[in-house]
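Visitor: let me see the structure of the following:
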Amino acid sequence: MQNQKIIEAIKYWSQVFLLPIYWLSFLIPRSKKLWVFGSSFGKRFADNPRYLYLYINQFKKNEIRAIWITADPEIAMFLNSNGMESYYKHSLMGIWYCLRSAVYIFDNYSKDISFWLSGGAKKINLWHGSGNKKTNYDNKFDRVRHPRNNLERFKTALRRMSDEKPNHYTLATSPMMADIFTSAFHTDLNHIIIEGYPRNDVLFPNDLNNVYTEKEAKIINDLNECKCKQLKILLYMPTFRNSETLFFEVMDLGKFNDFLVGENMIFFTKLHPKSNLKTVFQKTIFSNIKNIDAEVDPYTILTYADLLVTDYSSIYSDYLMLDRPSVLFPYDFKEYTEDTRECYFEYDEYMPEVKAYNMDELMKYIKGAFIIDNYEDGRMNLRNRIFQTADGKSSERLYYKIRNILKM
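Guide: Now for the predicted structure:
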């Protein structure tokens, strides 16, 4: 463990030697017809960049050359085998197109692609959630943006340099979210793009053809089998936080599995990629509790869920598109709000669904949600606040808005 920390520290501070490369990258001519994409620090093919990339490859390939840059060579092989263009970020071609592309499109920070090669490019942060959790500069627990002393300020200096900047463009899904993101990202209001999330386009009928990794294809096959067996599919997607370990203190999975069997339900768990419980859930073996690999893009499977179980996650906001019931399970609400995240809005008011704080309540409310849905009006009111549009055409409109930024 100690050796790993030393290795990580060396990797982090060695970035100082990349500063001259970053300055030189401003001198490289960039093509407006080259757009590079990346997600999850280069580790996944997922989220909003995935679906805008697919849209451009399928409908605008004659206008824009869309290239996926990844830290995982297997992702590059997968996309290339499906007729698209992708490169490993440290390959000569990957470096070349990072230097030549006029647009960086990502969902965390430009390091999803390559910050050190990004000088002079327009940077479009599509982000990865429109939820109630305070984030980035609004999150007082974030020690990168809110260092407590000079030592923390020094340790996190390189991280702040390579993260979001006021001159980046940030996607917000409504005027309400635009106001929030100007504060959270310190983005100027005239650099906020108000448009829906590309990832939500696949929750509506449209002509976009998704491509699936081996893991995604397998779970989709499993979900289809459950549908054929007429099982009610429950999808559990919690957000990650330190207090998530309390889950196993409030849950008796044996008893819960018996409940699922009796109600003809199956409970799929899909944890956040950063979750500390991934290993534990992978070892969980019950007939009606199944684990989905954390790296699977959730928007490949969300439409299969008859009911969503979550807590504070922005996946709840996206699930509003389907207008199906959810049961919220904030069993650690006290711990979460005290040492992990604050909320923009009062939790009970913002998320108008029934809330379970222990396993007995969870089982009761899941069963009840299939009998009568009392929260449809609240869901639609919230959806209209979070999303200015909800029609499956966000990628198309966003594409043209980015072209306008480039004055194409």
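
Visitor: hey, let's count contacts and neighbours off CA atoms from now on
Guide: Fine.

Visitor: not counting sequence-adjacent ones, nearest residue to the most centrally placed residue in the chain?
Guide: Taking Cα atoms, centre = their mean as the criterion, residue 128 is the residue nearest the geometric centre of the chain, at 3.7 Å. Nearest in space to residue 128, with sequence neighbours left out and distances taken as Cα to Cα, 6 or more residues apart in numbering, is residue 107 at 5.6 Å.

Visitor: same check on residue 337?
Guide: That would be residue 343: by Cα to Cα, 6+ apart, it lies 7.7 Å from residue 337.

Visitor: and the next helix or strand past the helix or strand encompassing residue 234?
Guide: In this structure, residue 234 is located in strand 232-236 according to DSSP states H and E. Tracing the chain past strand 232-236, the next element assigned as helix or strand by DSSP H and E is helix 247-250.

Visitor: hmm, back to that, helices and strands around the strand holding residue 234, which ones?
Guide: helix 214-228, strand 265-270, strand 307-310 (3 or more Cα pairs under 8 Å, 6 or more residues apart in numbering; DSSP states H and E).

Visitor: okay if I get the ones you listed as JSON lines plus distance to residue 193 and mean pLDDT?
Guide: Putting those into JSON lines (distance: least, Cα to Cα, whole Å; pLDDT from 0 to 100) gives the following:
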{"stretch": "helix 214-228", "distance to residue 193": "30", "mean pLDDT": "96"}
{"stretch": "strand 265-270", "distance to residue 193": "30", "mean pLDDT": "96"}
{"stretch": "strand 307-310", "distance to residue 193": "28", "mean pLDDT": "97"}
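
Visitor: residue ranges with poor pLDDT in the chain?
Guide: For the chain, residues meeting the criterion pLDDT under 70 lie at 1, 164, 339-340.

Visitor: for it, what spans make up the strands?
Guide: 31-37, 65-70, 85-88, 101-106, 122-125, 169-172, 192-194, 232-236, 265-270, 289-292, 307-310, 326-328 (DSSP state E).

Visitor: tell me what the longest one is packed against?
Guide: Secondary structure elements in contact with strand 31-37, counted by 3+ Cα pairs under 8 Å, 6+ apart, are helix 47-59, strand 65-70, helix 92-100, strand 101-106.

Visitor: give me the beta-bridge partners of the residue nearest to residue 337?
Guide: Counting by DSSP bridges, residue 343 forms beta bridges with residue 133.

Visitor: that one: how many residues sit nearby?
Guide: Residue 343 is flanked by 16 other residues according to other Cα atoms under 10 Å.

Visitor: ok, now how distant is it from residue 293?
Guide: 28 Å (Cα to Cα, to the nearest Å).

Visitor: so what's residue 335 up against?
Guide: Contacts for residue 335 (Cα atoms under 8 Å, 6 or more residues apart in numbering) come out as residue 243.

Visitor: list the contacts of the strand holding residue 234.
Guide: So strand 232-236 is contacted by 223, 226-227, 264-271, 302, 304-310 (Cα under 8 Å, 6+ apart).

Visitor: so which of the helices and strands packed on strand 232-236 gets nearest residue 397?
Guide: helix 214-228 (27.4 Å; Cα to Cα).

Visitor: list the buried residues in that closest one.
Guide: For helix 214-228, the neighbour count (16 or more other Cα atoms under 10 Å) marks 216, 219, 220, 223, 226 as buried.

Visitor: same deal with stretch 273-280?
Guide: Within stretch 273-280, the residues that count as buried by 16+ other Cα under 10 Å are 273, 275, 276, 277, 278.

Visitor: which two from the residues you listed end up farthest apart in space?
Guide: Farthest pair in these (Cα to Cα) is 273 and 277. Separation: 9.8 Å.

Visitor: surely residue 55 and residue 395 touch.
Guide: Yes. Residue 55 is in contact with residue 395 according to Cα atoms under 8 Å; the separation is 6.6 Å.
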